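1. attaching a predicted model along with its sequence, questions to come.
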Amino acid sequence: VMVVEWLLVLWEYNPKASPEKSPSPRRGEFGERSIIWRSCWDLGLLLAGLTYFVLGNLPPGPDGLMWIVTPVMLTVMAGVLRDRGPFSYPRQTCAWLSLLGLLCVQKMLIFSAPAVWLLSLGIATVAMVVNTRYLRHPISAAVTVGFGLGAINVAIFDRFSLSLSDWFAVWASLGLLLWLFAARFRQRPPSTLPRLYAQAAAGWANALCVWNLGWLTWHSIAVFDRVQSPSVVAVVAIGLTIVGLGVRSGGYPDNWTLYGLGWALELLAIEGLRFFSVAPIGLILVNLALGLVLQLLGDWWLRRTARPLPSGWHVIPLLYGGLATLLRLDLVEAWTGFVTLGYAAIAIGIGRRYSATKPLIYIGLVGVSVAAYELLWYRMVGWDAGDRFVAFAALGASILYLYRVLTGPLMGYLRLSAAAVHGFAHVHWGARSIA
């Protein structure tokens, strides 16, 4: 009955209908019978709501697919009706109602057979392509891309038997393809269909990236704890994610891209090292190396672009160094002092970039002293207390002497005044004396 009601509306609107019932081609209106046809429209909406309520309370199954005729009819009406008619519902209203109806259909079919849900998603994708042509709205484009992605995922699920690791690669591949599409059309004029779809593709790629990295993090933690074995597919998925984030950056990575790359590189290190059964020391050294490399890369990027660096260039190297330090807290060996020294070098390198980050220089200098005492402490194992005291005093005096001798080079590299260098040396001497 709902379909018949709306077909009557479409028939009356057809300019080829009989003259006494057809709208005026110049005005696009229905004339004196407009009340009847508006009633057909309203009654059709009422019947659509009632059938959704009835079908929505049935167990999941193919019966819910019948209701997809409602949003499809609304899409047809959006293509036929103009922006004026016997009722104040232009084609955009029909398209929006169709979008809402297609979402309701997916809610009813989410637990049905994969083939039924796939058919529904396929129809919904085609209908939304038509709706988006009329709506020209980011939400419509995002829903269209979402239906398309859903159809692809359901088709793969129905056709192949994949493990969770295999799905990592699928999601990473889809994200990469979406970012490539977005990069191809991101420069189109605003509000054009390619630009809208590019924005929608970029948004879904971002969501897929976060979703995939979350699952990969769970997998990497299990691998690190030796609960699961490392997976080649997981490594491939991480590599595809890194490539996709590189495409997303567009030549100038923002904070989200930098954090995503930092996250993915950490997961890649965990998965890769477990393939070679490397001890935890390997992950400590890799994190320290990543921190130092990214800190130097950030300095090079600052010189190359002469533009303010996103905060990710400062935060990520510190996070890598901090993670390396945390992983070695329960280790006291001959090399552990070099981890502290490397973290201090990262802090100093970042602190010298801007005046706002200058406090990191002083923290780094403290770290250098701590690293020196830590290295000396390991070598004093078995010494008498008096010998240790003399060794600590000699090291403190040596550090103070180096500050005085190297004042000029330190001023140039750290970008500090002579008074600041001498003041920190005095503070260091006073702290050593109290200790």
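-> Thanks, I have it. Numbers count the residues shown, from 1 in each chain.
2. point out where the stretch 151-300 of the chain drops to low pLDDT.
-> 191 (pLDDT under 70).
3. where do the helices sit along it?
-> Ranges of helices within the stretch 151-300 of the chain are 164-185, 193-224, 232-249, 255-275, 280-305, based on DSSP state H, counting those that start in this stretch.
4. assign residue 355 to helix, strand or coil.
-> Three-state secondary structure (criterion: DSSP: H, G, I helix; E, B strand; the rest coil) places residue 355 in coil.
5. residues contacting it?
-> Contact analysis of residue 355 by CB atoms under 8 Å, 6 or more residues apart in numbering lists nothing. Heads up, the C-betas are built off the backbone N, CA and C, glycines and all.
6. what's the answer for residue 397, then?
-> Under the criterion of CB under 8 Å, 6+ apart, residue 397 has no contact partners.
7. what helix or strand is it located in?
-> Assigned by DSSP states H and E, residue 397 belongs to helix 385-405.
8. list the buried residues for that helix?
-> Taking 16 or more other CB atoms under 10 Å as the basis for neighbour counts, the residues of helix 385-405 that come out buried are 391-392, 395-396, 399, 403.
9. follow-up on the earlier one: tabulate the helices of the stretch 151-300 of the chain (TSV), appending mean neighbour count and distance to residue 375.
-> Converted to TSV, the helices of the stretch 151-300 of the chain look like this (neighbours: other CB atoms under 10 Å; distance: least, CB to CB, whole Å):
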stretch	mean neighbour count	distance to residue 375
helix 164-185	20	42
helix 193-224	19	28
helix 232-249	21	35
helix 255-275	20	25
helix 280-305	17	15
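10. closest to residue 143 out of those helices?
-> Evaluated over the helices of the stretch 151-300 of the chain, closeness to residue 143 peaks at helix 193-224, with 8.2 Å, by CB to CB.
11. returning to that earlier point: adding distance to residue 150, write the helices of the stretch 151-300 of the chain out as CSV.
-> Formatted as CSV, the entries for these read as follows, by distance: least, CB to CB, whole Å:
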stretch, distance to residue 150
helix 164-185, 11
helix 193-224, 10
helix 232-249, 20
helix 255-275, 23
helix 280-305, 36
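12. of these, give the one that comes closest to residue 136.
-> Sorting these by CB to CB, the top spot, which is the nearest, belongs to helix 193-224 at 6.7 Å.
13. counting by contacts, list what the closest one packs against.
-> Contact here means 3 or more CB pairs under 8 Å, 6 or more residues apart in numbering; DSSP states H and E; on that basis helix 193-224 packs against helix 114-135, helix 138-159, helix 164-185, helix 232-249, helix 255-275.
14. who's in contact with the shortest one?
-> Pointing back at helix 232-249 there. Here helix 232-249 makes contact (CB under 8 Å, 6+ apart) with 163, 165-166, 168-169, 171-173, 175-176, 179-180, 182-183, 202, 205-206, 209, 212-213, 216, 219-220, 253, 257, 260-261, 264-265, 267-268, 271-272, 275.
15. picking that back up, minimum distance to residue 140: which of the helices of the stretch 151-300 of the chain has it?
-> Here helix 193-224 is closest among those (CB to CB), at 7.8 Å.
16. before we move on, the earlier item: residue 430: which of the helices and strands packed on helix 193-224 is closest?
-> With respect to residue 430, and counting by CB to CB, the nearest of these is helix 255-275 at 38.0 Å.
17. chain center to that closest one, what's the gap?
-> The gap between where helix 255-275 is centred and where its chain is centred comes out at 13 Å by CA atoms, centre = their mean, to the nearest Å.
18. could you work out the end-to-end span of stretch 222-234 for me?
-> In stretch 222-234, first residue to last residue: 12 Å (CA to CA, to the nearest Å).
19. my guess is residue 265 meets residue 289, correct?
-> No: counting by CB atoms under 8 Å, no contact exists between residue 265 and residue 289, whose distance comes to 10.8 Å.
20. related to what we said a few turns ago, in the helix or strand following the helix holding residue 397, which residues are buried?
-> Counting by DSSP H and E, the element after helix 385-405 in chain order, helix or strand, is helix 407-414. Buried positions in helix 407-414, judged by neighbour count with 16+ other CB under 10 Å: 410, 414.
21. and what of stretch 136-146?
-> Burial within stretch 136-146, assessed by neighbour count using 16+ other CB under 10 Å, is assigned to 137-138, 140-146.
22. between the helices and strands packed on helix 193-224, which one is closest to residue 371.
-> The minimum distance between residue 371 and the helices and strands packed on helix 193-224 falls on helix 255-275, with 23.0 Å, by CB to CB.
23. the closest one packs against which elements?
-> Packing contacts for helix 255-275, counted by 3+ CB pairs under 8 Å, 6+ apart, involve helix 193-224, helix 232-249, helix 280-305, helix 312-327.
24. between those helices, which gets nearest to residue 363?
-> Go through the helices and strands packed on helix 255-275 one by one with CB to CB and the one that ends up closest to residue 363 is helix 312-327, at 10.0 Å.
25. the closest one vs helix 280-305, what angle?
-> Interaxial angle, helix 312-327 versus helix 280-305 (axes from the mean of the first three to the mean of the last three CA atoms, to 10 degrees): 170 degrees.
26. how far away from the center of its chain is helix 312-327?
-> On CA atoms, centre = their mean, the centre of helix 312-327 falls 20 Å from the chain's centre.
27. which of the three states applies to residue 383?
-> Under three-state DSSP, residue 383 falls in the coil class.
28. identify the residues contacting the residue nearest to it when sequence neighbours are not counted.
-> Nearest in space to residue 383, with sequence neighbours left out and distances taken as CB to CB, 6 or more residues apart in numbering, is residue 391 at 7.3 Å. Residue 391 is in contact with 376, 380, 383, counting by CB under 8 Å, 6+ apart.
29. try it again with 10 Å
-> Under the criterion of CB atoms under 10 Å, 6 or more residues apart in numbering, the neighbours of residue 391 are 373, 376-377, 379-380, 383.
30. hang on, the earlier thing: let's have the buried residues of stretch 136-146 in CSV, adding pLDDT and distance to residue 321.
-> Supplementary listing: those in CSV, determined by pLDDT from 0 to 100; distance: CB to CB, whole Å:
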residue, pLDDT, distance to residue 321
137, 91, 45
138, 93, 40
140, 95, 46
141, 95, 42
142, 96, 39
143, 96, 43
144, 97, 44
145, 97, 39
146, 96, 39
